[in-house]
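Q: the following block contains a protein sequence and its predicted model.
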Amino acid sequence: MEPDDLWGHWTGILLSASLLTAWIPPAAAQPTLAASPLNTSHGDKGEKVVVLSTFGTPWTPQSHGRFKPLATPTVSVSPATAIEQRAMVTFHCDTGDTDVTIQWVFNGLPLTFHERMQLSTDGRTLTILTVQREDSGAYQCQVHGVLQVQSSRPALLDVNYGPDPVQIKLEPGVPSGEVAEVIEGSTVTFRVETQSRPSPAYTWFLPSDSISSPTTETFTIQSMSREHEGTYRCLVSNSATQLSLLGALKVHVFERLTTPRVVSPGLNLVENASSVALACQTIHKEVGVQWFLRGQPLLPSEHLVLSPDNSTLVIHGLRRDDTGPYTCEVWNWGSRAQSEPLKLTINYGPDRVDIVASTSGMVGTIEAGLNSSLTLQCRAESKPGAEYRWTLEHSTTVHIGDQLIIGALTWEHQGIYNCTASNAVTGLARSASVLVKVAGPQSSLTPGAIAGIVTGVLVVTALAAELGYFLYVGNTRRPSERKTEDPIHEATQTSSEEEPPTEPSSSK
């Protein structure tokens, strides 16, 4: 290039620089730097150069600059496979660029450092002092330069661990500590639960030779029986960590429950007896027992007392409403069986005795007409039904039955009637009485009364005849005395002078 041309070139550059210094564009027209493949070229030594262009407003001149692109870093890990809590792992970020910043990425996110990690001063070496299972994953390093970022390909860390403590689960089944309970005849599946990497090997030790020993994490037994009862063990081994752990589970097989039965010491019970005990009878052992009264769960009280194992229900001071029905239920976690209801027969009474008349209801005194009919009813609450006996005062006649029927009342039916109700089972008896009065005209006499009256008349007639005889004899012997001592006779003599006197005769 000629000197004049060179001078013109530098003059243009200086003029452009002065214009850029003197003029600051607004924010909307700030220059931007763009790297374009079209602006790449090779320098004097053949290296690849990126040309950055500054764009401004349409009349702003374009300026050019050159930056070296960042190289893609690489990450190495040692060792790539480690055992938990036994190894130290080192990651190294290899890059040929200088004056760059190194950042680490774990599973796609910025790495969070903790106390088990160390980072070199230049950030290119990351060390995990004691590796844990949560350190497994993909690691990358990022190189940050001027307006450039380059990321490495992921480096994978695999951490082996386990086996953790082993648990054996049974489905379906109810765990009770180290024991699982199953129902006879059910199909169950055993499963081992543990954490291990890589997947462990399983060795089972079974209580029965009838089951072939599996080598898998799960296995199934069809139709469990009492022969399958016992302790099941599984040895879990990790070939990478060289660790093994043993798990155990004791299995108890319950019989399928059959129907129980409520047993009472006697069916003919008496009210207010001291107590009665009902037993829930079952052939099964180690089962729960629950009682029901009238279909509802029985609530224990001072009157209804359950034994410690609930197998016996004691009823203190029987009442007539304690008849039930009572049922008992046996259960385990897998099945239930309920007895047939039992209803108690509780005998009582007789309670208060009442006498009821057919015409006037319950009475204490009855007045009925002569020759009328009368029906008396005797009743009392009693179980079993009471026996009734009727008696009349001053009579030895006894009538059996709750009804006393009189077809036609006579004077002989008057009096106090007594009814006695008795219960042969309870041994109790109670009585009640009623007064019966007969009303009617006095001439209406009974045959007995008429016979008495006739007898009385005949006796009086005989006495009168005998008295007349004695009077006649006395008059004939003392005529002068009679005329001078009886005033009724004198009054009778004065009136007789007008008539001729008559001679006394035997007819007098």
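A: Received it, and whenever you're ready, just let me know what you need. Numbers count the residues shown, from 1 in each chain.

Q: what bits of the stretch 301-450 of the chain have low per-residue confidence?
A: Scanning the stretch 301-450 of the chain for pLDDT under 70 picks out the ranges 359-363, 442-450.

Q: can you give me the strands for it?
A: Under the criterion DSSP state E, counting those that start in this stretch, the stretch 301-450 of the chain contains strands at 304-306, 312-316, 326-331, 336-338, 345-347, 354-357, 361-362, 365-369, 374-379, 387-392, 398-400, 403-406, 415-423, 428-439.

Q: next up, the contacts around N160.
A: Contacts here follow CB atoms under 8 Å, 6 or more residues apart in numbering; on that basis N160 touches T81, A82, I83, E84, R197, P198, N238, A240, T241. Backbone N, C-alpha and C define where each C-beta goes, glycine included.

Q: the residue lying closest to the first one once chain neighbours are set aside: neighbour count?
A: The spatial neighbour of T81 that comes closest, neighbours along the chain excluded (CB to CB, 6 or more residues apart in numbering), is D158 at 4.6 Å. Neighbouring residues of D158 were enumerated by other CB atoms under 10 Å; the total is 15.

Q: for E381, same thing?
A: Quick note: E381 (other CB under 10 Å) scores 15 neighbours.

Q: for I416, see how far away the most centrally placed residue in the chain is.
A: Centroid-nearest residue in the chain, with CA atoms, centre = their mean: P297, separated by 8.6 Å. Counting by CB to CB, to the nearest Å, the separation of P297 from I416 is 55 Å.

Q: spatially, what comes nearest to S223 if we skip its sequence neighbours?
A: G185 (5.5 Å).

Q: from H144, how far out is that neighbour?
A: Taking CB to CB as the measure, G185 falls 70 Å from H144.

Q: do the same with T95
A: 11 Å.

Q: more crowded one of those two?
A: The residue with more neighbours, out of T95 and H144, is T95; 20 against 14, by other CB under 10 Å.

Q: how near is the more buried one to T74?
A: Applying CB to CB to T95 and T74 gives a distance of 8 Å.

Q: against E412, how distant is the closest residue to A408 other than its chain neighbours?
A: Spatially, and ignoring its direct neighbours in sequence, A408 is nearest to N371 (4.9 Å; CB to CB, 6+ apart). Noted for N371: a distance of 12 Å to E412, by CB to CB.

Q: same list (the contacts of N160) but as a markdown table, adding neighbour count.
A: Output for the contacts of N160, formatted as a markdown table (neighbours: other CB atoms under 10 Å):
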| residue | neighbour count |
| --- | --- |
| T81 | 14 |
| A82 | 23 |
| I83 | 17 |
| E84 | 18 |
| R197 | 18 |
| P198 | 13 |
| N238 | 22 |
| A240 | 15 |
| T241 | 19 |
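
Q: so which of those residues comes closest to Y139?
A: A82 (12.9 Å; CB to CB).

Q: quick one: what helix or strand has that closest one in it?
A: Per DSSP states H and E: A82 is located in strand 81-83.
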